[in-house]
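> missing the sequence, but the structure's below:
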């Protein structure tokens, strides 16, 4: 099922240079730890206002980027690393990247929902770009923002809308936008404070100290230096392939299957349980990608598997749309809202659930390409 | 663009038997007029209670079926028929089929919306079939009800729900269902009375008298008997092909293009102006199909072009979903409804607009097959 073509994790594939062993892993971890420390220094230098400056946002992104990669390596190559150290580090790194991700997640969710409200209102005005990219973009930190497949003769769909550009919306859409703006801005502000507190905490300083040690000294097991990394990387790939096999890909590949909106009016299912296996595949795909990076070494890092990227982008979009739909449903439960507001939120919820379905279709298409391309 | 393969309207194609002329048209019109009179007799014998008995519904369907075919022949082969007679008959036949269509249209719309509410509530209960098929089914009179492309591993989507089976819906969905039930049942009852009044009116008796004359005596022009029908039928096909060319088929063939829900929250656009060219193609496709029937003669009538049928079914589904979406939006404007009701109607509206988009995709696929199959 999984691609074997030009796959650096495959021990049978041709590999330029020596067999990647625990020593290559150590090099990868040292590089990521160095990157973490560089990003932390940059973040402290650039300040930390709400939504951050451009530099601060970039720094937060880089922090999460390296934290995720170190954490993923601890997961995929656990048997080559000191067990106690792994067990201590992993939850701490997850806490760092999770805490830093929230502020941007709320910013992006609000942007997505306001852009959808504009589109649904048939707004022809093209909103300007948001003033400043927010700190620590979740999707953006992994891969470039997933572009929607652009219909060649349709109107614009991807243009983001800012909170102040709702003049040409209908009353219901405008009220829905204002409500979402209020709720998600409040959540974002709280996430910002939480992130600031976290970065100043002794818990974070302990993590930073451990990463500083990692930058020079990787706690490999005694035999790791001579152990081939590829079987472990291949195991990460197999876990991904198994999880993908369990997905309803036949449905997903059948356009307009309407599966994502089943339970759209069920109050017990926000967030939708049907989304969970897709979220899981998203995480496994990331682990697979980082394991490939570790195996490929500094050179291989530059080689990007575009098919893997498309699949990952589709799953990021799936996650974003799923969470945006849940936010619309949640906002509709606000007491004493006007029926027109509730109606607009219902349209918005359904629209984002169809985005979920569209993302599954896009993943299925990308994945199919991968398996077709396999030898 | 249009198919030329095995096409009876093409003068260049092989044709078993003599060239179809005005005499063949006269035969076709006599047969349709006879069918109209038979259906009328049946309708009078089977009674006319609300929603009709099975026989009455079948009779109303057959009445509209033949009225549409006579009317279409008057349009496509106008130059072969007495001009004054055509001008008098066409609006009267349109009035008959239009008036008889409304009751079933409301019944089908309510069924579609309640089935969607069930699906959106994730109802696992499979509702039973509606007690009796309603009189004069619009889509059903043309072609069998268009089945939704069934995803192989998805939940049930097509099962219809009756108004009394809303026990397991959420509060919002149940209230939305009750509201739609009230509004569409009222509209249906009014349509039923209107149809009964129409059938008893002197205007209708005048139409029936004219059709009785047509059953024995078709007012052909003097030269019609020797004129080849096929260039006129081909002109009907060309009008269809031209109208299809003007459709945004590139967008439609791109799954999840989200074009149908643009303006989904715009108050000025119910019904959606973007649907009009598709509705127009639906009518032109019907004219083309009936012109083929007239040309093919009694034998050719049995030969059904399945690709043409699929395309027509997709356009029926497009029309039904478009009108259902408008009904949901309209219901949401009812004063003093609860926010939960409005929210459910918003989800329902968006769901039906995505059905519109799905129908366009299905049409594009069916049409593409046709042109690929052309020699």
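Arrived safely, thanks for sending. What you are looking at is a predicted structure, and each value in this text was computed from that prediction instead of being measured.
> burial count for residue A:231?
For residue A:231, the number of neighbouring residues by other CB atoms under 10 Å in any protein chain shown comes to 11. The way it works is simple: take the backbone N, C-alpha and C, and place the C-beta from them, glycine included.
> how far does the one helix or strand it maps to sit from the chain's center?
Element membership of residue A:231 [criterion: DSSP states H and E] is helix A:230-245. Computed by CA atoms, centre = their mean, to the nearest Å, the separation of helix A:230-245 from the middle of its chain amounts to 19 Å.
> and if you look at stretch A:189-204?
Here the centre of stretch A:189-204 is set off from its chain's centre by 20 Å, with CA atoms, centre = their mean.
> one more: stretch A:203-222?
When distances are taken as CA atoms, centre = their mean, stretch A:203-222 is centred 25 Å away from the chain's centroid.
> quick one: the strands in chain A?
Taking DSSP state E as the criterion, chain A carries no strands.
> which residue does the stretch 201-350 of chain A have closest to chain B?
In the stretch 201-350 of chain A, no residue comes nearer to chain B than residue A:346, which is 2.4 Å away by CB to the nearest CB.
> residues near residue A:210, how many?
16.
> picking that back up, now do the contacts for the residue of the stretch 201-350 of chain A closest to chain B.
Taking CB atoms under 8 Å, 6 or more residues apart in numbering or on different chains, we find residue A:346 in contact with A:332, B:342-350.
> out of the residues you listed, which sit inside helices?
Applying DSSP state H to those, the entries found in helices are B:342-350.
> which one of those is nearest to chain A?
Compare each of those with chain A using CB to the nearest CB and the shortest gap goes to residue B:346, at 2.4 Å.
> for the closest one, which non-adjacent residue is spatially closest?
Sequence neighbours aside, residue A:346 is the residue nearest to residue B:346 in space, at 2.4 Å (criterion: CB to CB, 6 or more residues apart in numbering or on different chains).
> stretch A:357-366 and chain B, are they touching?
Yes - in this structure, stretch A:357-366 sits against chain B according to CB under 8 Å from any CB of the partner chain; the contacting residues are A:357-358, A:361.
> okay if I get those residues as TSV plus neighbour count?
What follows is these, written out as TSV (neighbours: other CB atoms under 10 Å in any protein chain shown):
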residue	neighbour count
A:357	24
A:358	24
A:361	23
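> tell me the contacts of residue A:25?
Residue A:25 is in contact with A:73, A:77, A:80, A:218, A:220, A:224, A:229, A:294, counting by CB under 8 Å, 6+ apart.
> again with residue A:278
Contacts for residue A:278 (CB under 8 Å, 6+ apart) come out as A:247, A:315, A:318-319, A:360, A:363.
> next, count neighbours for residue A:319.
Residue A:319: 20 surrounding residues under other CB under 10 Å.
> quick check: it vs residue A:76, distance?
With the distance defined as CB to CB, to the nearest Å, residue A:319 ends up 21 Å from residue A:76.
> what is the burial count for residue A:82?
Residue A:82: 15 surrounding residues under other CB under 10 Å.
> looking at it, it is touching residue A:219, isn't it?
Yes - here residue A:82 reaches residue A:219: they are 3.8 Å apart, a contact under CB atoms under 8 Å.
> for residue A:89, give its distance to residue A:263.
With distances defined as CB to CB, the gap from residue A:89 to residue A:263 amounts to 38 Å.
> could you pull out the helices for chain A?
With DSSP H as the criterion, chain A has helices at A:22-46, A:54-76, A:83-120, A:138-142, A:171-200, A:202-214, A:230-245, A:249-252, A:276-300, A:306-331, A:339-373.
> hey, which of the ones you listed is tucked in deepest?
Of all the helices of chain A, helix A:339-373 carries the top mean neighbour count, a mean of 24, counting by mean count of other CB atoms under 10 Å in any protein chain shown.
> just how off-centre is that helix within its chain?
Distance of helix A:339-373 from the chain centroid (CA atoms, centre = their mean) equals 16 Å.
> repeat that for stretch A:308-315.
With CA atoms, centre = their mean as the basis, stretch A:308-315 stands 10 Å off its chain's centre.
> list the residues that contact residue A:40.
Residue A:40 makes contact with A:59, A:63, A:208, according to CB under 8 Å, 6+ apart.
> can you redo these as TSV with pLDDT and distance to residue B:280?
What follows is the contacts of residue A:40, written out as TSV (pLDDT from 0 to 100; distance: CB to CB, whole Å):
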residue	pLDDT	distance to residue B:280
A:59	89	57
A:63	95	57
A:208	97	67
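> redo the residues you listed as CSV? Include distance to residue B:98.
CSV is the format used below for the contacts of residue A:40 (distance: CB to CB, whole Å):
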residue, distance to residue B:98
A:59, 68
A:63, 67
A:208, 76
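> any chance of those in a markdown table, plus distance to chain B?
Conversion of the contacts of residue A:40 to a markdown table gives the following (distance: CB to the nearest CB, whole Å):
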| residue | distance to chain B |
| --- | --- |
| A:59 | 35 |
| A:63 | 34 |
| A:208 | 44 |
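> which regions of chain A sit below the pLDDT cut-off?
Across chain A, the stretches falling below the confidence threshold (pLDDT under 70) are A:1-17, A:48-53, A:123-169, A:267-271, A:297-304, A:370-375.
> give me that answer again for 50
Using pLDDT under 50 as the threshold, the predicted model of chain A has low-confidence ranges A:1-5, A:124-168, A:301-302, A:373-375.
> with distance to residue B:233 added, can I get the residues of stretch A:357-366 next to chain B in a markdown table?
Rendered in a markdown table, the data for the residues of stretch A:357-366 next to chain B read as follows (distance: CB to CB, whole Å):
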| residue | distance to residue B:233 |
| --- | --- |
| A:357 | 41 |
| A:358 | 41 |
| A:361 | 40 |
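> and which of those residues is nearest to chain B?
residue A:358 (3.5 Å).
> tell me which residues touch that closest one, please.
The contact partners of residue A:358, by CB under 8 Å, 6+ apart, come to A:148, A:317, A:321, B:255-256, B:258.
> up against chain B, what does the stretch 201-350 of chain A have?
A:248, A:250-251, A:254-259, A:261-267, A:269, A:332, A:337-350.
> residue A:77 contacts residue A:234, doesn't it?
No - between residue A:77 and residue A:234 no contact is recorded; they are 11.9 Å apart, counting by CB under 8 Å.
> hang on, the earlier thing: what helices or strands is the helix holding residue A:231 leaning on?
With contacts defined as 3 or more CB pairs under 8 Å, 6 or more residues apart in numbering or on different chains; DSSP states H and E, the secondary structure elements packing on helix A:230-245 are helix A:54-76, helix A:276-300.
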